[in-house]
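Student: Turn this into a structure:
(one chain, ligands or ions: 1)
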Amino acid sequence: MTEDNPNAPAAPVVEQVPVGLLTCQHTPYLRNFTTTVLACSKKPNKQKLYEVQLQDTILFPEGGGQPCDYGTLNESIEVKNVQRVGTSHVHHTTAPVEEGIEARLEVEWKRRFDHMQQHSGQHLVSALFDQIECFTVAWGMNATRCHVELSKAPTPEQVKDVEERLNLYIRRNYPVHVTFTEERPPTMPKDYVGPNGVFRVIEIMEDLDIVAAEEDPLGLNATLDENGEKVKKGLVHLDYNPCCGTHVKSLKDLQCIKLLHQEKIRGDNCRLFFVCGQRALNLLQETYQVTRDLATVLSAPGGPETFVETVVKNQKQSREAFKQTKNLYKDLATYVVRDWAAELKEKNPILEDETKGPGYLITYHREDAEMDYLVLLTSLLKDQELVKGGRIFVLSAGDKKEGGPMIVTGQDEGLVKSVAAEIVKHVEVKGGGKGRWQGKSKSWKGLEAAHAAAETLVQSA
Ligand SMILES: [Zn+2]
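Tutor: Next up, the predicted model:
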């Protein structure tokens with residue numbers, strides 16, 4: 001169609017099926033479908049995807065708390081995003097497509113069916129909490145969990161009761177219907193405006209005849225009509241809520257619902273977490289695997305029932321071991337300092353009133369020790385008045401590869417400083433301090449060279 005030639009035949013105007021009447025919404029179990037490309041952007045968007053308008057779709061555009069579907073277009077092109085714009089829909093694809101051609105769509109079914117299970121499950125969860133006046137103000141779904149935000153926290157007994165009823169309704173396999181309403185629901189998104197918009201409603205009905213058959217299998221209390229036939233009790237609403245999502249056809253497809261924990265949020269509100277269907281099985285498998293792994297790690301072959309007992313026992317043992325180690329280090333420090341005292345008495349004697357003396361270096365490294373132990377050694381050195389004259393003590397601890405703490409101490413502050421300055425040339429250690437130099441290294445590579453350099457420096461002092 002051109003404006004230049006008013007006599008040219010008008011191209012057929014194919015309208016997009018509006019969101020609300022999409023094939024994914026009225027036939028959500030359809031996995032393959034053919035439609036027509038109405039338009040495609042000339043250039044990719046910021047996400048490097050082309051924006052394509054199809055006439056209709058089996059890929060759900062994100063909305064109502066349900067994430068969008070993924071799928072393929074003409075086998076090789078991926079659909080990575082589907083968005084609603086007013087009442088129209090846009091598919092974001094990895095390649096451009098020609099206007100007017102046929103578009104064969106395939107939905108990533110595993111993802112979609114999971115969304116259907118969680119979304120229909122949420123309607124049922126909200127419906128049952130509604131009955132005990134815990135109203136749903138919001139809901140959400142991430143990759144593994146769902147939650148409803150309730151206006152009031154239910155008690156543990158209420159949660160247990162609701163969970164039992166949720167799974168009872170699944171066993172009764174009540175159908176999930178989609179209907180329409182004339183009046184615009186107040187919860188409808190404000191931007192849901194455009195040509196041919198409709199207002200969808202999801203209905204889950206309780207079948208009172210199924211309930212009666214369970215409670216009175218022989219029908220002894222049934223009311224009979226004039227012909228002796230049982231009078232039908234009919235259906236009552238469990239759920240009746242505006243919704244654009246894709247839903248399971250009946251509750252058996254939910255398989256099961258497991259309510260999880262609660263979190264307090266915004267005043268009296270609470271977030272109650274839950275999983276439906278395959279997610280519940282996945283969670284069970286993960287949890288089961290963790291308990292199996294824990295049983296090995298904890299050496300608790302008795303399984304989960306013995307975990308707490310085993311951990312309590314292990315904690316007690318570790319506290320005792322810690323105390324024991326501390327005492328042993330104390331004893332060790334006493335022996336080490338006693339040896340140094342003997343060594344210094346023989347090789348670096350200093351008279352009582354002498355403040356200056358010849359330089360003498362003592363180096364010490366212990367791989368399995370920490371800072372506490374080095375501090376203990378320094379305080380023993382001080383108590384026994386061994387830090388005198390030109391004596392320098394270079395103490396360090398920690399694994400060769402992982403490094404650890406270091407203390408350089410001596411009476412001659414200037415000498416301490418220059419020894420530390422020499423050490424940092426050889427090992428990767430950072431530190432400082434007045435009088436006593438204290439540092440921490442990332443590795444003890446080069447420690448021997450550092451000791452040798454310190455020896456040379458102290459000898460010449
Ligand atoms: Zn919904």
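Student: can you list the residues of the stretch 1-150 of the chain near the ion?
Tutor: Within reach of the ion by C-beta under 5 Å from the ion, the stretch 1-150 of the chain has these residues: G64. In short, each C-beta sits where N, CA and C put it, glycine included.
Student: For the ion, what's its nearest residue on the stretch 1-150 of the chain.
Tutor: Using C-beta to the ion, the single residue of the stretch 1-150 of the chain nearest to the ion is G64, 4.9 Å away.
Student: and V297, how far is that from V311?
Tutor: Computed with C-beta to C-beta, to the nearest Å, the distance linking V297 and V311 is 11 Å.
Student: what ranges do the strands span in the stretch 301-450 of the chain?
Tutor: 359-366, 390-397, 405-410, 429-432, 437-441 (DSSP state E, counting those that start in this stretch).
Student: Is the nearest residue to T310 once chain neighbours are set aside part of a helix or strand, or is it coil?
Tutor: Nearest non-adjacent residue to T310, counting by C-beta to C-beta, 6 or more residues apart in numbering: A300, 4.2 Å away. A300 falls in the coil class when you classify it by DSSP: H, G, I helix; E, B strand; the rest coil.
Student: What residues does the stretch 151-300 of the chain have near the ion?
Tutor: Counting by C-beta under 5 Å from the ion, the stretch 151-300 of the chain sits next to the ion at C243, G245.
Student: 8 Å - rerun?
Tutor: Near the ion, the residues belonging to the stretch 151-300 of the chain are I202, N241, P242, C243, C244, G245, H247 when assessed by C-beta under 8 Å from the ion.
Student: And for the residue of the stretch 1-150 of the chain closest to the ion, the neighbour number?
Tutor: G64 has 20 neighbours, counted by other C-beta atoms under 10 Å.
Student: re earlier: could you tell me the least trusted of the strands of the stretch 301-450 of the chain?
Tutor: For those, mean pLDDT drops lowest on strand 429-432, to a mean of 92.
Student: tell me what that one is packed against?
Tutor: Other elements packing on strand 429-432 under the criterion 3 or more C-beta pairs under 8 Å, 6 or more residues apart in numbering; DSSP states H and E are strand 437-441.
Student: Other residues contacting the strand it packs on?
Tutor: 396, 398, 403-409, 416-417, 419-420, 424, 427-432 (C-beta atoms under 8 Å, 6 or more residues apart in numbering).
Student: nearest spatial neighbour of the residue of the stretch 301-450 of the chain found nearest the ion, skipping sequence neighbours?
Tutor: Residue nearest to the ion within the stretch 301-450 of the chain: P304 (36.3 Å; C-beta to the ion). Leaving aside its chain neighbours, P304 sits nearest to T291 (4.9 Å; criterion: C-beta to C-beta, 6+ apart).
Student: residues in contact with that neighbour?
Tutor: G303, P304, F307.
Student: Name the SS class of it, please.
Tutor: T291 - assigned by three-state DSSP - is helix.
Student: Next one: it from T306, what distance?
Tutor: Distance, T291 to T306, by C-beta to C-beta: 11 Å.
Student: got it, and I132?
Tutor: On the measure of C-beta to C-beta, I132 and T306 end up 37 Å apart.
Student: what do you get for L54?
Tutor: Distance of L54 to T306, given as C-beta to C-beta: 58 Å.
Student: Tell me which of those two has more neighbours.
Tutor: L54 (27 against 14).
Student: Roughly how far does that one sit from S151?
Tutor: From L54 over to S151 the distance is 40 Å, taken as C-beta to C-beta.
Student: now do G245
Tutor: 22 Å.
Student: These two - which one has more neighbours?
Tutor: G245 (22 against 16).
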